[in-house]
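Colleague: Provide a 3D model corresponding to the input given below.
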Amino acid sequence: MSYTVSLGQNALTVDMTQSALQVSLSRTGGQGSQGTAGEDGNSVDVGTNATAYATDANNVGNVFYDTSNNTIYKVTAVSTLENLGSFGNFNVSQLGDVDVTGLADNYILQYNSGTSTWEVQPNTGGVGITNIVEDTTPQLGGTLDANLNNIDMGTNVITDPKVGQWDTAFSWGDHSGAGYLTDITGEALGNLSDVDLAGLTNGFILEYNSVSGNWEAVANTSTVAGLSDVTITSVASGEVLKWSGSAWVNNTLAEADIQAASNTVADARGAISVTDDGGDGSLAYNSTSGVITYTGPSAAEVRAHFSGGTGVDITSGVVSIGQAVGTSDNVTFNKVTTSLIEGGATITIDPTTIGDATGEVIIAGDLTVQGTTTSVNSNEVNIGDSIILLNSDETGTPSQNGGIEIERGTSANVQFVWNETDDAWDLANETLQNVVIDGGSY
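Modeller: Numbers count the residues shown, from 1 in each chain. Purely as a prediction, here's the structure:
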């Protein structure tokens, strides 16, 4: 017993005998049909539920291949199935007219008429059927029965419950007969069912009418003055709206403190003015070039702000005090008041006449010399103190002799010294004469 199902230009042949079950795929001409049974001419359908298929009286006499259990049935009466046999757990490589030598990923089966076998070949895009969409004019030989299966569109999936919901929600019927739009691309606005353009003219707008449920063309009567926060009073051309703190009020440019825009650069330059209020230097403006020029004060103008004081003179910008005051000059002042005189290692005070060691230096106050040596190169020394204190910096137990030494030139100096060791005056064996001691003469 043999059954053949046409699939486009290919045919599925099932040869079932008591000794073997053979399935072969062969190419036939033409588009084919829904499927024919080689034994009795009835159709062969494919699905997953043979029992449900047999409940339809229209399927009596048909052959049904149930993919859920890999078994072929014949519907002999309503709800009555005859088991014609099972394919068992076969694979393509077990088929007698299939050669899978060299099989690899993404290979396809290609029929070789020379060997009458199906052979595996790499899918190079030009061999075999790689996509059912390649048929640009697909046709059905009859009603498409999805058999409760889903249709996967890629992003969305069409299911039997969804189709029923769409039919109920949108009252689907004969769309072409009802004149339903299938595409509004290029359609005019007035062709839409909820748009009424009666009386349409320039400047009209679309306004929704909840009573009619339509968008209707009406005159545009909306104005700025109709806004709740705008107050328009005697408006004139060129006025602007300015916020008053509570509302927008129309103002002239002057009222709004806005300078009217110049039409040209020359107009802008001409609207600028510069005033020179006097004083030193000068300020000028060229309305043609738009350049403002400021010239600084002259030397004479600057010098006019300066004048000499006591002992100081300014002539042609030069300050003088009546004598040279360079670092190498001798400067003469009548009186100098200072709390400190500082200089080099030696400071010389030379009263007139300068350089001849004459004149007089008067210190009107105490003189304290903090150096270790005090030299007085004078032939006459007058001291007002009646007692001369020597060794004045001694504060502890005396250890140094003290007295007077006289320089005698080429002769040996002589001393009159208090000898701390002997606790007596010591003349260093010099002769002392004309001395009266305790009333005696020596």
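Colleague: Give me the pLDDT for the residue nearest to residue 325 when sequence neighbours are not counted.
Modeller: Among residues not flanking residue 325 along the chain, residue 331 sits closest, at 5.5 Å (CB to CB, 6 or more residues apart in numbering). The C-beta positions use only the backbone N, C-alpha and C, and glycine is treated the same way. As predicted, residue 331 sits at a pLDDT of 82.
Colleague: ok, now residue 283?
Modeller: pLDDT, residue 283: 91.
Colleague: Look at it and say how many residues are nearby.
Modeller: Residues within reach of residue 283, counting by other CB atoms under 10 Å, total 14.
Colleague: circling back: which SSE is the residue nearest to residue 325 in?
Modeller: According to DSSP states H and E, residue 331 maps onto no helix or strand at all.
Colleague: Make sure it is actually in contact with residue 322.
Modeller: No. Between residue 331 and residue 322 there is no contact, the gap being 10.4 Å when judged by CB atoms under 8 Å.
Colleague: Report the next helix or strand after the worst-scoring helix or strand of the chain on mean pLDDT in sequence order.
Modeller: Between all helices and strands in the chain, the lowest mean by mean pLDDT, DSSP states H and E belongs to strand 21-27, at a mean of 38. Past strand 21-27, further along toward the C-terminus, the next helix or strand under DSSP H and E is strand 44-47.
Colleague: count of neighbours near residue 420?
Modeller: Here the number of neighbours of residue 420 (other CB under 10 Å) works out to 15.
Colleague: Ok, residue 82 next?
Modeller: 12.
Colleague: Is it in a helix, a strand, or coil?
Modeller: strand (DSSP: H, G, I helix; E, B strand; the rest coil).
Colleague: Chain neighbours aside, what residue packs nearest to it?
Modeller: Leaving aside its sequence neighbours, residue 82 sits nearest to residue 74 (CB to CB, 6+ apart; 4.4 Å).
Colleague: next one: residue 244
Modeller: That would be residue 231: by CB to CB, 6+ apart, it lies 8.0 Å from residue 244.
Colleague: you'd agree that neighbour is up against residue 248?
Modeller: Yes. Applying CB under 8 Å, one finds residue 231 in contact with residue 248, separated by 7.0 Å.
Colleague: more crowded one of these two?
Modeller: With neighbours defined as other CB under 10 Å, residue 231 and residue 248 compare such that residue 248 has more, 16 against 13.
Colleague: If the residue nearest to residue 244 is in a bridge, with which residues?
Modeller: With DSSP bridges as the criterion, residue 231 is bridged to residue 249.
Colleague: again, but for residue 74
Modeller: Legend: beta-bridge partners of residue 74 under DSSP bridges are residue 63, residue 82.
Colleague: ok, now which ones touch it?
Modeller: Applying CB atoms under 8 Å, 6 or more residues apart in numbering, one finds that residue 74 lies in contact with 42, 61, 62, 63, 64, 81, 82, 84.
Colleague: now it: how far from residue 63?
Modeller: From residue 74 over to residue 63 the distance is 5 Å, taken as CB to CB, to the nearest Å.
Colleague: What separates the first and last residues of stretch 287-300, distance-wise?
Modeller: Distance across stretch 287-300, first residue to last, is 30 Å (CA to CA, to the nearest Å).
Colleague: if you average pLDDT over it, what comes out?
Modeller: Regarding stretch 287-300, the rounded mean pLDDT is 91.
Colleague: Please apply the same query to stretch 341-361.
Modeller: 84.
Colleague: what's next to it, contact-wise?
Modeller: Residues outside stretch 341-361 that contact it (CB under 8 Å, 6+ apart) are residue 330.
Colleague: Figure out how far that stretch is from the centre of its chain.
Modeller: 77 Å (CA atoms, centre = their mean, to the nearest Å).
Colleague: Could you list the low-pLDDT ranges of the stretch 101-250 of the chain?
Modeller: 124-136, 141, 168-184 (pLDDT under 70).
Colleague: Let's see that with 90 instead.
Modeller: Applying pLDDT under 90 to the stretch 101-250 of the chain flags residues 101-112, 115-195, 197, 199-207, 217-228, 230, 232-235, 237-239.
Colleague: Can you verify residue 108 is assigned to a strand?
Modeller: Yes. Assigned with three-state DSSP, residue 108 falls within a strand.
Colleague: And the helices in the stretch 151-300 of the chain?
Modeller: 160-170, 175-178, 265-270, 299-303 (DSSP state H, counting those that start in this stretch).
Colleague: Please tell me how far the residue positioned nearest the centre of the chain sits from residue 389.
Modeller: The centroid of the chain falls nearest to residue 243 when counting by CA atoms, centre = their mean (35.2 Å). Going from residue 243 to residue 389 by CB to CB gives 97 Å.
Colleague: the domain parsing of this structure - what is it?
Modeller: 2-134, 189-218, 268-324, 402-441 (automatic domain parsing).
Colleague: tell me the most buried of those?
Modeller: domain 2-134 (a mean of 14; mean count of other CB atoms under 10 Å).
Colleague: Angles on the backbone of residue 53, please.
Modeller: Backbone geometry at residue 53, expressed as degrees, to the nearest 10, gives phi -60, psi -40.
Colleague: For the spatially closest residue to it that is not a sequence neighbour, give its distance to residue 56.
Modeller: Nearest non-adjacent residue to residue 53, counting by CB to CB, 6+ apart: residue 64, 5.0 Å away. Remark: distance between residue 64 and residue 56 (CB to CB) = 10 Å.
Colleague: can you check residue 103 too?
Modeller: Distance from residue 103 to residue 56, by CB to CB: 40 Å.
Colleague: Kindly report the same for residue 199.
Modeller: Plainly put, residue 199 is 60 Å away from residue 56 if you go by CB to CB.
Colleague: Could you do residue 236 as well?
Modeller: 87 Å.
Colleague: try residue 82
Modeller: 16 Å.
Colleague: swap in residue 235?
Modeller: On the measure of CB to CB, residue 235 and residue 56 end up 82 Å apart.
Colleague: again, but for residue 320
Modeller: Residue 320 is 135 Å from residue 56, where distance means CB to CB.
Colleague: Leaving out chain neighbours, which residue sits closest to residue 430?
Modeller: Nearest non-adjacent residue to residue 430, counting by CB to CB, 6+ apart: residue 414, 5.5 Å away.
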